[in-house]
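**Student:** I'd like to go over a predicted model; first the sequence, then the structure.
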Amino acid sequence: MSILLQASNLSKSYGRQQIFTDFNFSIHDKQKIGVIGRNGAGKSTLFRILTDEEQADDGQVIISPETRLGTIKQENDWLEAEQALAYLLRKSKQPEWTAKKLAAAFEISEERLGLEVSQLSGGWRMRLKIVAMLLTEPNLFLLDEPTNYLDLNTLLLLENYLKSYKGSLVIISHDREFIKKTCNETLEIYQGGYYHYAGPIEEYLAFKEQKQSTLVKQNEGLARQQEHLQSFVDRFRYKSSKAKQAQAAIRKINKLEEKRITIEHAAGITRIVLPPVPKRKNLALRVKNLEIGYNEQSLLAKINFEMNFGERLLILGQNGQGKTTLLKTLASVQLPMSGSFHWYSAATLAYHAQDSLEVLDRSEQVWAYLRRMAAAEIKTEAVLKMASDFLFDEEAQKKPIGVLSGGEKSRLQLAAILLAKPDILVMDEPTSHLDFETVEALGQALAKFNGAIIFTSHDRTFANLLATGLVEIKDGSASRKFQDYEDYIEALEKQISNNVVKTPDKNPEQGKQEAYAERKALQRELASIEKRLAKLRLQRTEIVEYFSKNPTNYDAERMMILSDLDKNIIEAENEWLMKAN
């Protein structure tokens, strides 16, 4: 098993913050590793070092000459006015029919391949980048959050491809379902350390929970011993007759403290508790003949649906079809083109946007922001609890917002929105930048929310935890689908797997050359089998002649060789027949 990439004694820090130290890891042929860990643990930093976009403070990365790395760059790398097909050919140096074949597997039509890349929506551009990367035929993928901003169709197409991929891949993802379906090993990176488990994520999480439980019990046992010794010290420390025993007990307490194990993997989030809002039975939203778009260009029209309080509607559809625009319109961030929508008049609404992190005041402290955003009746204890639920400890609450990572800002904004006690939540991709423990805790909390929620999310675990109904955007309109989310996914997966992709016609001359080469190769194989058969038959004839001339001689060794020759001749004849037909 050859090594494709090796990280040796890597260390990296930013100022006083140690990201990781003495990181040693090898990636071999056909390994499929899912990388998990909290925001800020160093996952993306590690990938930037492995791909030479950033330098480690110490250690080295060795990449085998045979390794062909596959990565998806976030920045745009197409030329001005470059057509989609031309972009694929330039990036991959592959023949046109090869590029078209793989593009078709990702449902990129001939029509779209003829458009300029700049004319494609964000979702189709991402598909184009994925196809361009795959066309370079890498034998090692390093993918950092590839599911972020992918629509459900593209995500399932990529997942399908990676499940059957024969090479190696290492994927950072907060999408537990994606890792579960594409990876069979798990690497967790946590503050200052890492753990590689040679098994899938579900097994690892069960192992981790069991390990944590064992460590907690060990620590509890040590604590009981310490308490017992401490009570002796407190009682007899100042009695001269017991002074020596008290000092010995103190030494034992210190030794027990040294044995206490720091539980590196302990989960920070167990559950999130939302401030209660009134339970209503009213209609929360009515949308009637709504038309939305930008700059007088219509995106969606004839949108009609209703939702009640207690419902949680997930908006589904490919990227660029209007999911975000619909949410912006319903949140009154932009005006509708025609038609109407009405929320329950006595309710309060909060809107979570994908780009709203940029408007946060960078100088404001975390605690001050949460207290300011919380509803007036919410007590300080409840604000502190919410801050803790979203992993902001006492020290983190003093930080200015400007120094927070993207994941920390996302957690902060979600905490602030929930503290405001809205009756209605309009949420556009609230799980972006969140680790899967936070995602699942948030999904479980919002599933108990008494108000109304309408949202988009690329995270299937979150969507499955939360959605009670679906709104599908398709063919320029949006409507309710009375279908379970899991059933919807299953039907979509079946549709994708049943779509037989037509292989685009090859270059006719190239097709003739390949057919001729295949015929010549078959002829060579048949000639090789015939040559082997002739040799086997000659050997058999020689042994049979020996026994004819020496009928009274019994030669066990020759009899065994004759038996093997008969078996080999039959196998060779069958092989010739199979290939010739």
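**Tutor:** Alright, I've got the coordinates.
**Student:** Quick check: which element contains Gln60?
**Tutor:** Using DSSP states H and E, Gln60 sits within strand 58-63.
**Student:** Poorly predicted segments of the stretch 401-550 of the chain, please.
**Tutor:** Counting by pLDDT under 70, the stretch 401-550 of the chain shows low-confidence ranges at 498-516.
**Student:** quick revisit: tell me the strands beside the helix or strand that the strand holding Gln60 is followed by, with direction?
**Tutor:** For strand 58-63, the following helix or strand on the C-terminal side (DSSP H and E) is strand 69-70. Under the criterion DSSP bridges, strand 69-70 sits next to strand 140-144 (parallel) in its sheet.
**Student:** Run a quick neighbour tally on Ser356.
**Tutor:** Using other CB atoms under 10 Å, Ser356 is surrounded by 15 other residues. C-betas here are computed from N, CA, C, even on glycine.
**Student:** And for the closest residue to it other than its chain neighbours, the neighbour number?
**Tutor:** Of all residues not flanking Ser356 in the chain, Gln413 sits nearest, at 6.4 Å (CB to CB, 6 or more residues apart in numbering). Under the neighbour criterion other CB under 10 Å, Gln413 is assigned a count of 21.
**Student:** Please tell me I have it right and Gln413 contacts Asp355.
**Tutor:** No: with contact defined as CB atoms under 8 Å, Gln413 does not count as touching Asp355 (11.3 Å).
**Student:** thinking again about what came up before, strand partners (parallel or antiparallel) of the strand holding Gln60?
**Tutor:** Per DSSP bridges, strand 58-63 is paired in its sheet with strand 3-14 (antiparallel).
**Student:** now the nearest residue to Ser457 once chain neighbours are set aside: how far from Trp576?
**Tutor:** Residue nearest to Ser457 in three dimensions, not counting chain neighbours: Ala463, with 4.9 Å by CB to CB, 6+ apart. Ala463 sits 56 Å away from Trp576, going by CB to CB, to the nearest Å.
**Student:** those helices in the stretch 51-200 of the chain, which residues are they?
**Tutor:** 84-92, 96-105, 110-113, 122-135, 152-164, 176-182 (DSSP state H, counting those that start in this stretch).
**Student:** now swap in the stretch 401-550 of the chain and tell me
**Tutor:** For the stretch 401-550 of the chain, applying DSSP H, counting those that start in this stretch gives helices covering 406-419, 436-446, 460-466, 485-498, 508-549.
**Student:** could I get the ones you listed as CSV with distance to Thr325?
**Tutor:** Output for those, formatted as CSV (distance: least, CB to CB, whole Å):
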stretch, distance to Thr325
helix 406-419, 21
helix 436-446, 23
helix 460-466, 20
helix 485-498, 22
helix 508-549, 45
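**Student:** what's the closest of those helices to Ser44?
**Tutor:** Among those, the nearest to Ser44 by CB to CB is helix 406-419 (9.9 Å).
**Student:** and the closest one, what does it pack onto?
**Tutor:** strand 349-352, helix 366-373, helix 380-389 (3 or more CB pairs under 8 Å, 6 or more residues apart in numbering; DSSP states H and E).
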